[in-house]
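Engineer: what's the 3D shape of this:
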Amino acid sequence: MLSRYHAVFLDRDGVIKRMRDDYVKSWDDFGLLPGAVEAIVRLGRSGRDVIVLTNQSAIAQRLVTLEVVDEIHSRLASLVAEHGGHIRAFLICPHSRDEGCDCRKPAPGLLLRARDELGARLADAVMIGDQASDVEAARAAGCEAILVNAEDDELSLSTGCTSVRTLVDAVDMICGD
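Structural biologist: Take a look at the predicted model:
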């Protein structure tokens, strides 16, 4: 039963914001998905910790600075707060795909950081992502996963996890609607 989850990990790109052909380099590029802010607010109001986990290789590629990414996340957190919600933390992997770090999803490092730094109970957590790498990271850390934007039936079948169309649908499942 999904209502038991205390921590909800959200991937950023494709879950909270629209996917782009290039990288987000400013708030103006962010492009929130419909209902995303309200869904995050609802998770927080239900007593769950909301933690955003995101790979940001644009930092390693020097397309954007860590400070700009932090500013974007601060603006998202402020927008959620204006609506009565709360994002507990943003944990990012700033490394490129070929650096071999332990934090770039599908590695579980960001989830393990949430456990170690924030006290998140991974057995009572769910990761909401839009890629197989999100599901793999969750499973490696002992979490459940929900795949959103699962228009690719083959991806949904290959991950073997619950799949829904949007973050709003995932939150409906978690909150019991």
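
Engineer: per-residue pLDDT, the residue lying farthest from the centre of the chain?
Structural biologist: What lies farthest from the middle of the chain is residue 62; by C-alpha atoms, centre = their mean that is 22.4 Å. Confidence at residue 62, expressed as pLDDT, is 95.

Engineer: how much space between it and residue 17?
Structural biologist: Residue 62 is 21 Å from residue 17, where distance means C-beta to C-beta, to the nearest Å. Placement of C-beta: from N, CA and C, glycine included.

Engineer: So residue 8 is in contact with residue 125, correct?
Structural biologist: Yes. If you go by C-beta atoms under 8 Å, residue 8 and residue 125 touch, sitting 7.0 Å apart.

Engineer: more neighbours, the two?
Structural biologist: Between residue 8 and residue 125, counted using other C-beta atoms under 10 Å, the more crowded position is residue 8 (28 against 24).

Engineer: check contacts around the spatially closest residue to residue 84 that is not a sequence neighbour.
Structural biologist: Using C-beta to C-beta, 6 or more residues apart in numbering and skipping the chain neighbours, the partner closest in space to residue 84 is residue 41 (5.5 Å). By C-beta atoms under 8 Å, 6 or more residues apart in numbering, the contact set of residue 41 is 80, 83, 84, 85.

Engineer: Which helix or which strand is home to residue 41?
Structural biologist: helix 36-45 (DSSP states H and E).

Engineer: Using the three-state scheme, assign residue 51.
Structural biologist: strand (DSSP: H, G, I helix; E, B strand; the rest coil).

Engineer: And the pLDDT for it?
Structural biologist: pLDDT, read off for residue 51, is 98.

Engineer: Which strand residues bridge it?
Structural biologist: residue 9, residue 89 (DSSP bridges).

Engineer: Enumerate every residue touching it.
Structural biologist: 7, 8, 9, 10, 87, 88, 89, 90, 91, 114, 118, 120.

Engineer: same check, this time on residue 142
Structural biologist: 122, 123.

Engineer: now swap in residue 44 and tell me
Structural biologist: For residue 44, the contact set (C-beta under 8 Å, 6+ apart) comprises 50, 80, 84, 85, 86, 87.

Engineer: quick one: the strands in the protein?
Structural biologist: Per DSSP state E, the chain has strands spanning 7-11, 49-55, 89-93, 125-129, 144-147, 162-163. These are given in chain order.

Engineer: Good, we can wrap up now.
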